[in-house]
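Peer 1: I would like the atomic coordinates for the input below:
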Amino acid sequence: MRTNPPRVALITAAAVAASVLAVGCAEGTAARQHVRTATAALIRGSARCESAQLRLSIGPRVSEKTQQDTVILRLRNASARTCWLRGYPGVTLTTARGRMLPFRYADRGDMMLTSARPRLVRVSPGHSAYAAINKNSCVRHATKIARTISLTLTGSAGLTIRLRRYPVMYYCPAPDPGHRVDIAPFEATLSRLFARA
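Peer 2: Numbering: from 1, shown residues only. Reported below is the predicted structural model:
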């Protein structure tokens, strides 16, 4: 014959569960506070990076997954003061004549790029931060070729660089899978740009 547990035991179990939840919540709150404190410490004494401080260049070639076209963007701090970046760059791809190609842009990860949330990136003088774009190769047909990439920082003028022989970014109209360009957030290292297997 099964009997109900004593009332005292039920009250004790409930109290233990509440304590565990309280500790977990407290630890979560402490972790969030730690992140906020660390972020404030990084920002303190430095300012958001401005385009005048940075030199944009194309990063190293990437070992691509099937039908992928990736461009690594390197932003070197050429100034004498530390600055910081956070979030996603604004990206525009244009033709050799400066005509904007109407890709669909998305701040998100894909099979090549990280889907991690943006983090604060501190860029010391002489050091670099990175961003990246990726698109599927054109499945149907390409109508134009992107010859320049313009990168826009929040509250600052843009940076532009010419695409030469590599990488080649073809424009393909919707609904081709290559119509969408995915953008990775600013990262402190190259390895953080990429999706984890």
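Peer 1: in the protein, what spans have low per-residue confidence?
Peer 2: Along the chain, the parts satisfying pLDDT under 70 run over 1-45, 197.
Peer 1: Residue ranges of each domain in it, please.
Peer 2: Using automatic domain parsing, the domain parsing of the chain gives 1-44, 47-193.
Peer 1: okay, the ones you listed, which one's buried deepest?
Peer 2: domain 47-193 (a mean of 17; mean count of other Cβ atoms under 10 Å). No exception for glycine: its C-beta is placed from N, CA and C like everyone else's.
Peer 1: chain center to it, what's the gap?
Peer 2: Relative to its parent chain, domain 47-193 has a centroid offset of 10 Å by Cα atoms, centre = their mean, to the nearest Å.
Peer 1: got the end-to-end distance for that domain?
Peer 2: Domain 47-193 has an end-to-end distance of 23 Å (Cα to Cα, to the nearest Å).
Peer 1: tell me the strands in the chain, going along the chain?
Peer 2: In the chain, the strands defined using DSSP state E lie at 47-48, 54-58, 68-77, 83-85, 90-94, 104-107, 121-123, 128-136, 144-146, 148-152, 158-162, 169-171, 180-187.
Peer 1: how much does the last one deviate in direction from strand 128-136?
Peer 2: Taking axes from the mean of the first three to the mean of the last three Cα atoms, to 10 degrees, one finds that strand 180-187 is oriented at 160 degrees with respect to strand 128-136.
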